[in-house]
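K.L.:
show me the folded form of this:
(chains A and B)
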There are 2 protein chains.
Amino acid sequence: MAIDYKKELETAAKTMILVHNPDTLIKMIVRTIVQKVKVIHSGILLYNKDKNSYILTVSRGPVGLRIPEGFTRMDMNNPLIRFFWERKNKLIFNNDYLIYDEGKSFVEQIGDSDLKQLLLGALHQMEIFETTACIPSYFGDDLLGILLLGKKNDGKALGNDEMNFFIALAQDVAMAIKNAQLFTELKSELENKRSLFYHTTIALAAAIDAKDHYTHGHTNRVTNVSLEIAKKLGEMDNKEINEQFLEEVHIASLLHDIGKIGISEAILNKVDPLTEEERKKIKEHAMIGVTILQPIRELRGSILGVRYHHERYDGKGYPEGLKGEEIPLIASIISVADAFDAMISDRPYRKGLSKEEAIAEIKDKNGTQFDPQVVAAFMELCAASKI
Amino acid sequence: MAIDYKKELETAAKTMILVHNPDTLIKMIVRTIVQKVKVIHSGILLYNKDKNSYILTVSRGPVGLRIPEGFTRMDMNNPLIRFFWERKNKLIFNNDYLIYDEGKSFVEQIGDSDLKQLLLGALHQMEIFETTACIPSYFGDDLLGILLLGKKNDGKALGNDEMNFFIALAQDVAMAIKNAQLFTELKSELENKRSLFYHTTIALAAAIDAKDHYTHGHTNRVTNVSLEIAKKLGEMDNKEINEQFLEEVHIASLLHDIGKIGISEAILNKVDPLTEEERKKIKEHAMIGVTILQPIRELRGSILGVRYHHERYDGKGYPEGLKGEEIPLIASIISVADAFDAMISDRPYRKGLSKEEAIAEIKDKNGTQFDPQVVAAFMELCAASKI
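P.N.:
Next comes the predicted model:
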C-alpha cells in the first residue's frame, strides 16, 4: 500500500525540530495531518507540567470542526490517559496505539474486570472526542501526549501501515515538542536574567543618583534620550549601530555617572559656587566610574561611554582631551543627552533652560562641544517631537 | 536488501535531537556508524562560523585509526567543499552523495574542464581522507557538514540502499547539530547575562560599601559566609535549600547593606560615638534597601534578606521586631554572617575580636540574637575550618 503523504509528513517532522515555539509546532503538525491524511479532524492532547494534566492543545478539521471546548483538560485519572500510562496494556494489544473499532471488538473478551473497565472508559472518552484512533507519544517512559485522529474523509479505516507510520511520526513529534519546550524554558530564563540585570542596575543607579540632590531622574532621562539618538543613527545608516551597540548604550547611560558614588556629598550638594579644587574633584567621577566597572569584562564597550562622556569634539573636554573621531561614538551620544538634560534642569544658582533654548544651545555647540553626526540625529528627533 | 543497523541508527537519530551538546552529539553519531555499519573509519566535517571553514570535528575507527591530524581544516575554496556547495553538480550525478569509485569512473567523460578539475580535486581530497563516500548535510541551501565514510570492514562497496539511508540520516544529523548549536548559543548567552548581573551587582555593592570607610570588603566576606552557611544547611537536610534559595542568598547578601547609600556620610564615617538620633538614622538602612529594590519583581525572595537581616531571634531586633520562626531563614543566615564579620573587623573605637572570640560570642547569643539552626550550621563550618 502506497502512503503518498508519508514523504511530506517525514519532511515536516524533520523540519519541526527547528521550530522552537511549541504552539506553532503543534498547529503545524495537526494542520499537515488534516490536509494530507484527509481525516475529518485531528488533535493533540499534551501534558502540562504546571497543571499535572493533559490539555487538548489543538484540535481542527478542514471545515473548522472541533472537539467540544468543554472537554479540553484531562487529569491523570482519566481512563484514556491511564490506559496509555499503564504500559501493561500493550501486552494485550500488539500495538502502542488504540483503534476504536479494535478496542470495541476486543473488550468483551477481557477477563480482568479492572482492565475491562479501564478500556471501556478509554473507548467512551474516544466517543466523546469522535476519535477513531489514538497514538501516544512517549519520551522514555513518560507519556508526553496523545495524537487523536478522527474518521477519514472517505470513510475507510486507517490501515496498519498507516498506523505504524503514525507511531513513528508521533515519536518525532514528541521529540520536537520536548525540544521546543526546553528551548522555551531556556529563553524565558534568559529573559528573566536580562530583566533582572536591567532592573537591578536601574535601581542602584537611581539610588546613587539620589545622592546628588540636583539630578533627580537624570540617569533615567539621559538613558532614554541616548537610546533614541542611537536608534536614529542606525536609521541614518551608521554602520556601528547594531543590537549589541544599543545594549552597550543602554548600560553605559545607566552607569555614566556611577563614579559620583566616590565624590563626597558635601561637594555634590553644595549650593554655593564650586572652588577650582572642588570642580576638579567632581571631574574625577568619570575615571572613578571606570575603576568601579573595569573588572567587568562584559562591560568593555559600555565603559567607553562612562569614561569619555565629558570629552568635547574640539579636544577641550576631560579626562583625556580626545578630539573628533578619537572619541568613541557611544560617549559622543551620551555627551549630547547628558548636556541636554543638564541644561533643562534647575540648579540652585540658575533656573533650567526651556527645551527650545537648550536645543538652540546644542545646535550652537555643534562641532565644538558635540559630534556633528550625533547632533544631526538629535535634531531629527527634535523635528519629529521625540525629544 | 535488509539493513540491520537501520532501526538502531534511526533510534539514535531521534534521540539525538535532545542531545544539546554538539560535540557529544557528533561523537555519538560517528561512534554508532563505525560500530554498526562496520566501516574502517568515519568522520564529520562541520562548518565553523567563526573560521568560515569546515573543520574535521571528529574522525574515528574501531581500532583508533584516524584521518591525519594535519588535514583538519578546509576553507571554502577546497574542491570537496566547493563540489557540495555548487549544487549544479547534482545534475550530473543523480544523487546528493559522492562515491569515490563512481566519481573516478565518471570523471573522464566530463567535457566541461572546470567541472572536471573540481571533481578531480574532490576525489583527491577523498584519497587523502581515505574516504570511499561523502554524504552532505544541508539545512535549506546551506551546507552544514559532510559525513565521511571509510571502506567497509568486509571490503564490500556501500550499496545504493545504504547510501540513500545515509542521506536521510545525514539530514537528521544536520537538524540535530543545528539545533544543538542554537541551544549552545542560547546557553552561553544565558551564562553571559548571569555573569553580567553578578559582576555588576558586586561592583556597585562594593562601591557603596566603600562609602562606609569602616567596612571595606565587608559585603564580599558576608556573601561568602552566608553562602557557606546556606549550603551547609542544605547538607543538614533543611528542606528550604535549593538552587533558587542559594541564588537568593547570594543576591541578598550582596545587597544587604545597599540602603546605606541613603545614610549621610557624616554619620557613616563618624569616629565619635553615635547619638541616639544617629543610631536611629543608621537603622533605617534596612528599609531604605527595601525601597530601592522593591520595584524589582525577580528579587522578592532576596528582599526578605535585606529587610530582616537585623531582626533578632528573641524579637528585640529591627525593623519589625519579628521573633523566632517569623524571621525568614534567608535573613537569619545573613544576620549571623553579618554579625560575625562586624565582630572581627576593627572600628575606630575598638579593635576587632579574634576569630575564636567571635565564634564564642555567636555561640553565646545562640537562641537570643541568632537562630539556633543557623548557628548549628555555622559551628559545623567552624569545626571544618571553613570559616
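K.L.:
can we go C-alpha only for contacts and neighbour counts from here?
P.N.:
Noted.
K.L.:
quick check: angle from the helix ranked longest in chain A to helix B:160-211?
P.N.:
In chain A, ranked by residue count with DSSP state H as the criterion, the top helix is helix A:160-211. Computed by axes from the mean of the first three to the mean of the last three Cα atoms, to 10 degrees, the angle separating helix A:160-211 from helix B:160-211 equals 20 degrees.
K.L.:
what about helix A:160-211, average pLDDT?
P.N.:
For helix A:160-211, mean pLDDT rounds to 84.
K.L.:
which neighbouring elements make contact with whichever helix or strand comes after that helix?
P.N.:
Next along the chain after helix A:160-211, taking DSSP states H and E as the criterion, comes helix A:218-235. Where contact means 3 or more Cα pairs under 8 Å, 6 or more residues apart in numbering or on different chains; DSSP states H and E, helix A:218-235 is packed against helix A:160-211, helix A:243-255, helix A:329-344, helix A:372-383.
K.L.:
chain A against chain B: which residues are in contact?
P.N.:
Chain A has residues A:14-15, A:17-18, A:172, A:175-176, A:178-179, A:183, A:186-187, A:189-190, A:192-194, A:196-197, A:199-201, A:203-204, A:207-208, A:211, A:261-262, A:264-265, A:292-293, A:296, A:298-299 near chain B, with proximity defined as Cα under 8 Å from any Cα of the partner chain.
K.L.:
please produce a ChimeraX select command covering the buried subset of those residues.
P.N.:
Command for ChimeraX, covering only those of the residues of chain A next to chain B found buried under the criterion 16 or more other Cα atoms under 10 Å in any protein chain shown:
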select /A:14,15,17,18,172,175,176,178,179,183,186,187,190,192,193,194,196,197,199,200,201,203,204,207,208,211,261,262,264,265,292,293,296,298,299
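K.L.:
which residues touch A:S53?
P.N.:
A:S53 sits next to A:47, A:73-76 when contact means Cα atoms under 8 Å, 6 or more residues apart in numbering or on different chains.
K.L.:
what does A:V336 give?
P.N.:
With Cα under 8 Å, 6+ apart, A:V336 has these contacts: A:226, A:362, A:370, A:374-375.
K.L.:
by neighbours, which of these wins?
P.N.:
The most crowded member of those, judged by other Cα atoms under 10 Å in any protein chain shown, is A:S226 (28 neighbours).
K.L.:
how far away is that residue from A:E235?
P.N.:
14 Å (Cα to Cα, to the nearest Å).
K.L.:
just A:F370 next, same as before
P.N.:
20 Å.
K.L.:
so for the one helix or strand A:G103 maps to, what gets flagged as buried?
P.N.:
Per DSSP H and E, A:G103 falls inside helix A:100-106. By neighbour count with 16+ other Cα under 10 Å, helix A:100-106 contains the buried residues A:100, A:103.
K.L.:
show residues contacting it.
P.N.:
Taking Cα under 8 Å, 6+ apart as the rule, helix A:100-106 contacts A:119, A:123, A:126, A:131-133.
K.L.:
next secondary structure element downstream of it?
P.N.:
helix A:113-128.
K.L.:
what comes up buried for that next one?
P.N.:
Result for helix A:113-128 [16+ other Cα under 10 Å]: buried residues A:116, A:118-126.
K.L.:
and for stretch A:323-330?
P.N.:
Buried, per 16+ other Cα under 10 Å, within stretch A:323-330: A:323-324, A:327-330.
K.L.:
isn't A:A230 up against A:E248?
P.N.:
No - judged on Cα atoms under 8 Å, A:A230 makes no contact with A:E248 at a distance of 10.3 Å.
K.L.:
ok, the two, which is more surrounded?
P.N.:
Neighbours were counted for A:A230 and for A:E248 using other Cα under 10 Å; A:A230 has more, 26 against 22.
K.L.:
contact partners for that one?
P.N.:
Counted by Cα under 8 Å, 6+ apart, A:A230 has contacts A:241, A:246, A:249, A:333.
K.L.:
rerun that using 10 Å as the cut-off
P.N.:
A:236, A:238, A:240-242, A:245-246, A:249-250, A:329-330, A:333-334, A:374, A:377-378 (Cα atoms under 10 Å, 6 or more residues apart in numbering or on different chains).
K.L.:
farthest pair in the contacts of A:V336?
P.N.:
Longest distance between any two of those is 14.5 Å, between A:S226 and A:I362; criterion Cα to Cα.
K.L.:
what residues are shared contacts of A:A230 and A:E248?
P.N.:
A:242, A:330.
K.L.:
what's A:M74 sitting at in phi/psi?
P.N.:
phi -130, psi 130 (degrees, to the nearest 10).
K.L.:
okay, the helices and strands packed on helix A:218-235 in TSV with distance to A:S53 next?
P.N.:
As requested, the helices and strands packed on helix A:218-235 are arranged in TSV below (distance: least, Cα to Cα, whole Å):
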stretch	distance to A:S53
helix A:160-211	16
helix A:243-255	40
helix A:329-344	51
helix A:372-383	52
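K.L.:
chain neighbours aside, what residue packs nearest to A:I167?
P.N.:
A:I135 (6.3 Å; Cα to Cα, 6 or more residues apart in numbering or on different chains).
K.L.:
just say helix, strand or coil for that neighbour.
P.N.:
strand (DSSP: H, G, I helix; E, B strand; the rest coil).
K.L.:
pLDDT score assigned to A:A122?
P.N.:
93.
K.L.:
fine, thanks again, bye for now.
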